[in-house]
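> please find the sequence and the predicted model below.
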Amino acid sequence: MSAKTGAILLAEDDENDVFFMRRALRKAEIKLPLHVVCNGQEAMDYLSGTGKFGDRDHYPLPSLLLLDLKMPFADGFDVLRWIHSQSSLKEIPAVVLTSSSEERDRKKAKDLGAKGYFVKPPTTEMIQEIMQFVDGHGQNAATPA
């Protein structure tokens, strides 16, 4: 999936972190539309196109999923587990963007298929590095999961 055809889905329950992400994307000159969901269940609903996310014209499959780990209803690990079980979604790069710098969280995210793991807050440089996953160059990124 090309970075030019999709959108970015941000699963984040903290409005301040959403603000910082929007600012970092703008500073990095990323033009992809940003769709925000505020919990893990909404992320899964968006990705599966169910409920209010059924219209793919308004809610296109993302080229990138940015995923917080600590969210209500279903956490980021639950979302990663679910994506891993969905063959149609495995190609969407999921990148963890969290406040946890714990090595066990990093390892668990990698084991569940996360392509990258970054600690908040997002910076312009971090966003540029994350976008390499969308373009298929993530194997050489400096902060892989």
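All right, it came through fine. Predicted model, so just to flag it, every value in this text is computed and none were measured. Residues are numbered from 1 along each chain as shown.
> when you work out contacts or count neighbours from here on, use the C-alpha atoms and nothing else.
Noted.
> where along this structure do the helices fall?
15-27, 40-48, 76-84, 103-111, 124-134 (DSSP state H).
> and stretch 29-42, end to end?
Using Cα to Cα, to the nearest Å, the end-to-end distance of stretch 29-42 comes to 27 Å.
> same deal with stretch 72-79?
12 Å.
> and that stretch, what's buried?
74, 75, 76, 77, 78, 79 (16 or more other Cα atoms under 10 Å).
> show me the contact partners of that stretch.
13, 39-41, 43-44, 67-70, 96, 108-109, 112 (Cα atoms under 8 Å, 6 or more residues apart in numbering).
> report the central residue of this protein.
residue 66 (1.6 Å; Cα atoms, centre = their mean).
> run through the bridge partners of that one.
residue 10, residue 95 (DSSP bridges).
> from here on, call the first residue 884.
I'll keep to 884 as the first residue from here, and by that count the last item is residue 949.
> quick one: contacts for it?
Applying Cα under 8 Å, 6+ apart, the residues near residue 949 are 891, 892, 893, 894, 977, 978, 979, 980.
> columns neighbour count, distance to residue 943 and pLDDT on top of those, output as a markdown table?
Listed next are the contacts of residue 949 as a markdown table, based on neighbours: other Cα atoms under 10 Å; distance: Cα to Cα, whole Å; pLDDT from 0 to 100:
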| residue | neighbour count | distance to residue 943 | pLDDT |
| --- | --- | --- | --- |
| 891 | 21 | 9 | 95 |
| 892 | 25 | 9 | 97 |
| 893 | 26 | 13 | 97 |
| 894 | 29 | 15 | 97 |
| 977 | 30 | 16 | 95 |
| 978 | 26 | 18 | 96 |
| 979 | 30 | 20 | 96 |
| 980 | 26 | 21 | 94 |
